[in-house]
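[1] Any chance you can model this:
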Amino acid sequence: MSEETQKNVFGEPLEPCSNDPLTGWFRDGCCNTDKNDRGVHTVCAKVTNEFLQWSKKVGNDLITPHPEFGFPGLKDGDSWCVCATWYARAIEEGAACQVYLKKTNVKTLDLIPIEKLKKFALDLS
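    Here you go, the predicted model:
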């Protein structure tokens, strides 16, 4: 990862998503990414039980803890850097939870248009 701060969907410095649980491709609390992040873990989502159940049903279990990978398992209300590919699918299938745009990496826009993201934004003033 480069030393410079990555940008959010507004082209501003990316804000931290969550330190508890500690999230991010680099487990740095931010939805930073690099070329090795094939899942593109760039969407800062505030997960709900409905989203977590949907995600588990379609093959991405975010509920079960995996301490060997430093993953505590998520619960309703947690913030987490979810894969842009999975989030795009959640939108299409009517299972999307809310997101923080100021904490969502600009790379997300390669997969999801800003207009779609804004419909789920918690931080549009």
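[2] all helices for the chain, in order.
    With DSSP state H as the criterion, the chain has helices at 49-57, 84-92, 114-118.
[3] Can I get the first one in CSV, CA atoms only?
    Listed in CSV are the C-alpha atoms of helix 49-57, where the atom choice follows Å, rounded to 0.1, in the frame of the first residue of the first chain:
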residue,chain,number,x,y,z
ASN,A,49,-29.1,-8.9,10.8
GLU,A,50,-31.0,-9.1,7.5
PHE,A,51,-27.8,-8.3,5.5
LEU,A,52,-25.7,-10.8,7.5
GLN,A,53,-28.3,-13.5,7.1
TRP,A,54,-28.6,-12.8,3.3
SER,A,55,-24.8,-12.8,3.0
LYS,A,56,-24.5,-16.1,4.8
LYS,A,57,-27.2,-17.7,2.7
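[4] So which other helices or strands are in contact with it?
    On a contact count with 3 or more Cβ pairs under 8 Å, 6 or more residues apart in numbering; DSSP states H and E, helix 49-57 meets helix 84-92. Every C-beta, even on glycine, is put in place using the N, C-alpha and C of the backbone.
[5] what's next to the helix it packs on, contact-wise?
    Contact with helix 84-92 is made by 39-43, 45, 51, 54-55, 58, 60, 96-97, 99, 107-108, 110-112, 116, 120, as judged by Cβ atoms under 8 Å, 6 or more residues apart in numbering.
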